[in-house]
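*Asks:* Everything below, folded, please.
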Amino acid sequence: SFTEAELAPYANDGKRYTLDFIDYNKGSWGWVRMDNISIPGILAPPVEPDPEANILEFTLNVPSTIKMDGTNITITLPFGTPVTALAPTFTLSAGATSDKPSGSAQNFTAPVTYTITSSDEEVIKAYTATAVGQPDPAASLVGHWVSGAESLADTSGYGTPGTHDGTAIGANAGLLAYSTDVPPGFTGKSLDLRAGNVGVSINNSSSTDGGYVNTFDEQVRSQLTISFWAKGFPGTWSPWVAKGGEGGVGWQIRRVDNDPVAGFTIRGLGNEDGRGSQIQVNQDPPVWHHYAGVWDEATGVRALYIDGVLSHNVNTLGQMMNLAANRHLALGARQNDPNADYFNYFAGLLYDVRIYKQKLFINQVQALAAPASFTNWIATNYPGLSDKSTGGDPDGDGLSNFEEFIFGLNPESGASCTPIVTQVNKATGNF
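*Replies:* This is a model prediction of the structure:
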């Protein structure tokens, strides 16, 4: 027999117990199951975790990508971002402290060390934060077509001139035309594909070409930005710009299903079709919209921007794009199979089609989406503004200069945006 005091240390809520005993009738050991037996006891108090000295989250209020690897923090910034007074904010382990306050401005021209001390002062860790600037996007522009001239030539300046010029394709290839209808604030002519069954194939963009160069395949596998203006809306699952994108390979920016929204498809990733946009772009009559798809394998983030506003992100960290090396890059069409015809033609207008072999940040996308009238507006009305860039926010109200331009606000006064709490829905005009 056992006393309650002897059994109490073994009490544990939720468990069923059996007692080992000697059956004197049989002179041996035996087992018996006991139901409804109450053994009083005291539950052990929870064990408090040892104090820690960790940075749990590290953020910055300017366009950036932040990667934490142990005690190393890498801050990737757009080209030209000033780094002498960056003010990261961070959260720490419970009770931990930092030698530099969260939100304090630091000079990141050299790595900055944050010393974190646990609440009991027994654990001390040194985190090193390093700012890295992206290369100038101009040096990463690998394809540029139809930016005002009546020509299918690639004007990016990347590689040998003429390598990636375009060729008209389709049953109505002879009806390819140019239009004076261009995005507001821009000049020249747009590519006119409204005849239908006509598009543009980019030369030497498929491994089936004798002069193939992997510019739009391996060179953009880890980072890619596709940017263009379009007026009009494709048919079901049809693209504006595509490098394959079907059969499990390639990428495209296209209409999602039969919905009035766009998607950024990358094969080989989760949510391949890039669903998630809530911005309707199928207006009647058609209007110009700017589209930018951005892919960054290092962070796993695929972003779609429409008219300089983030539509949505798709997160697929650890996954890799499946290349479509044996499909041609096409504007206003898609080549579904190697050595095959083109399908899914876009009967509309295209302007300023660009491909970069690096990710662009939102302020850089906005600069591409901003018409010349933005430059004139800010230079004429606010000549003394300290930062006239599209992504700048000199009045600190949380709205970029480009957003102030869109909403007709004053980029010199934060008070002017007080009523604005969300982005405008471009389909309905409502907030």
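*Asks:* where does the stretch 201-350 of the chain have low pLDDT?
*Replies:* Within the stretch 201-350 of the chain, no stretch falls below the threshold (pLDDT under 70).
*Asks:* redo that, cut-off 90
*Replies:* 273-274, 339-340 (pLDDT under 90).
*Asks:* ok, which stretches of it are strands?
*Replies:* The residue ranges that make up the strands of the stretch 201-350 of the chain, judged by DSSP state E, counting those that start in this stretch, are 223-231, 239-244, 250-255, 262-266, 288-296, 301-306, 309-315, 329-331, 334-335, 342-343, 349-356.
*Asks:* TSV for those, including mean neighbour count and distance to Asn363?
*Replies:* Bear in mind the C-beta positions are built from the backbone N, C-alpha and C, glycine included. Written out in TSV, the entries for these read as follows (neighbours: other CB atoms under 10 Å; distance: least, CB to CB, whole Å):
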stretch	mean neighbour count	distance to Asn363
strand 223-231	24	13
strand 239-244	29	22
strand 250-255	26	20
strand 262-266	26	19
strand 288-296	23	12
strand 301-306	23	11
strand 309-315	17	12
strand 329-331	28	26
strand 334-335	28	31
strand 342-343	20	35
strand 349-356	24	14
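*Asks:* Helices of the stretch 1-150 of the chain, residue ranges please.
*Replies:* 4-7, 137-140 (DSSP state H, counting those that start in this stretch).
*Asks:* If you average pLDDT over each of those, which is lowest?
*Replies:* The minimum mean pLDDT among the helices of the stretch 1-150 of the chain belongs to helix 4-7 (a mean of 65).
*Asks:* Could you dump the strands of the stretch 201-350 of the chain into CSV and include distance to Leu409?
*Replies:* What follows is the strands of the stretch 201-350 of the chain, written out as CSV (distance: least, CB to CB, whole Å):
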stretch, distance to Leu409
strand 223-231, 24
strand 239-244, 31
strand 250-255, 30
strand 262-266, 27
strand 288-296, 20
strand 301-306, 20
strand 309-315, 15
strand 329-331, 36
strand 334-335, 40
strand 342-343, 45
strand 349-356, 26
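*Asks:* end to end, how far does stretch 104-111 reach?
*Replies:* Between the opening and closing residues of stretch 104-111 there is a gap of 15 Å (CA to CA, to the nearest Å).
*Asks:* Now Gly95. Nearest residue, chain neighbours left out?
*Replies:* Ser119 (2.9 Å; CB to CB, 6 or more residues apart in numbering).
*Asks:* scratch that, Asp337 is what I was asking about
*Replies:* Of all residues beyond its chain neighbours, the one nearest Asp337 is Gly247 (6.7 Å), with distances taken as CB to CB, 6+ apart.
*Asks:* Would you mind confirming that the one you found makes contact with Asn336?
*Replies:* Yes: the pair Gly247 and Asn336 qualifies as a contact (CB atoms under 8 Å) at a distance of 6.5 Å.
*Asks:* Those two - which one has more neighbours?
*Replies:* When Gly247 and Asn336 are compared for neighbours, Asn336 comes out ahead with 17 against 13, by other CB atoms under 10 Å.
*Asks:* what sits against that one?
*Replies:* Residues touching Asn336, when contacts are defined by CB atoms under 8 Å, 6 or more residues apart in numbering, comprise 244, 246-247, 327, 343.
*Asks:* Now flag whichever of those residues is closest to Ala262.
*Replies:* Proximity to Ala262 was ranked across those by CB to CB; first place goes to Glu246, at 16.9 Å.
*Asks:* Angles on the backbone of the closest residue to that closest one other than its chain neighbours, please.
*Replies:* The shortest distance from Glu246 to any non-neighbouring residue, by CB to CB, 6+ apart, is to Asn336 (4.7 Å). Dihedral pair for Asn336: phi -80, psi -30, per degrees, to the nearest 10.
*Asks:* Nearest the middle, which residue of the protein would you pick?
*Replies:* Nearest to the mean C-alpha position of the chain, by CA atoms, centre = their mean, lies Ala303 at 3.2 Å.
*Asks:* For beta bridges, what are the partners of it?
*Replies:* Val294, Asn313 (DSSP bridges).
*Asks:* Quick one: residues contacting the nearest residue to Asp307 once chain neighbours are set aside.
*Replies:* Take Asp307 and drop its neighbours on the chain: the residue closest to it by CB to CB, 6+ apart is His290, 5.3 Å away. For His290, the set of contacting residues under the criterion of CB under 8 Å, 6+ apart consists of 183, 227-229, 305-308, 368-369.
*Asks:* mind running it again at 6 Å?
*Replies:* 229, 307, 369 (CB atoms under 6 Å, 6 or more residues apart in numbering).
*Asks:* Please determine how far the second one is located from Gln106.
*Replies:* This means Asp307. Look at Asp307 and Gln106: by CB to CB, to the nearest Å, they are 34 Å apart.
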